[in-house]
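In: Everything below, folded, please.
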Amino acid sequence: MAENSSKPGKLYVIPCMLGETEPLEVLPLSIKRTIEQVDDYIVESEKAARRFIKKISSGKSQPSLRFFLLNKYTDAIELQHYLEPCLNGKDMGLLSDAGCPGVADPGAVIVNLAHERNISVVPLVGPSSILLALMASGMNGQSFAFNGYLPID
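Out: Residues are numbered from 1 along each chain as shown. Next comes the predicted model:
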């Protein structure tokens, strides 16, 4: 993975598991390889991210990890600095609490910033809560439209 200052690092968009299935039973090994090499992450929740990373790569040093929180409380001004490791040549990971970052998820704003800054965005394959729900619903996927989640209230 990149780590020289003349060229930006990559932003890896890393899917996370839904439920209690062992991640490596479902996710490709490319995710394990990426997690083993990346130490800087933009995440919704540090606790959930640490748990997921530990399940994927139990030997990875947890103290070496650095997290930038991206959730409904994150100030837009802070976001401007989140991709600095990439701009300094380090690869980063973008993790959701569950599913695919950027799909009905705050990660889309980071991906947009990466594109604006000419940082290569590498989406990795994994589960999407929207697609899994559609698959399990029995609905006709040819005419499906996603308009967002129902309000919590």
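
In: Tell me what the residue nearest the centre of the chain is bridged to.
Out: Note on the chain: the residue nearest the mean C-alpha position is Leu95, at 2.4 Å, using C-alpha atoms, centre = their mean. Taking DSSP bridges, one finds Ile14, Val43 as the beta-bridge partners of Leu95.

In: Could you double-check that it sits in contact with Ser45?
Out: No. Assessed by C-beta atoms under 8 Å, Leu95 is found out of contact with Ser45, at 9.0 Å. Any C-beta I mention is one placed from the backbone N, CA and C, and that applies to glycine too.

In: Mind jotting down where the strands sit in the chain?
Out: Assigned by DSSP state E, the strands in the chain fall at 11-14, 40-43, 66-69, 92-95, 121-123.

In: and those as JSON lines, adding mean pLDDT and distance to Val103?
Out: Shown next, in JSON lines, are those (pLDDT from 0 to 100; distance: least, C-beta to C-beta, whole Å):
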{"stretch": "strand 11-14", "mean pLDDT": "95", "distance to Val103": "10"}
{"stretch": "strand 40-43", "mean pLDDT": "97", "distance to Val103": "15"}
{"stretch": "strand 66-69", "mean pLDDT": "97", "distance to Val103": "19"}
{"stretch": "strand 92-95", "mean pLDDT": "96", "distance to Val103": "12"}
{"stretch": "strand 121-123", "mean pLDDT": "94", "distance to Val103": "10"}
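
In: Compare those strands and give me the one nearest Ala145.
Out: For the strands of the chain, the distance to Ala145 is smallest for strand 121-123, at 21.9 Å, taking C-beta to C-beta.

In: For that closest one, which outside residues touch it?
Out: By C-beta atoms under 8 Å, 6 or more residues apart in numbering, the residues outside strand 121-123 that reach it are 10-13, 100, 111, 114-115.

In: what about 6 Å?
Out: 10-13, 111, 114 (C-beta atoms under 6 Å, 6 or more residues apart in numbering).

In: ok, the closest residue to Phe146 other than its chain neighbours - how many residues close by?
Out: For Phe146, ignoring the flanking residues on the chain, the nearest one in space by C-beta to C-beta, 6 or more residues apart in numbering is Ile130 at 5.5 Å. Per other C-beta atoms under 10 Å, the neighbour tally for Ile130 reads 16.

In: In the protein, where is pLDDT below threshold?
Out: For the chain, applying pLDDT under 70 flags the ranges 1-5, 127-129.
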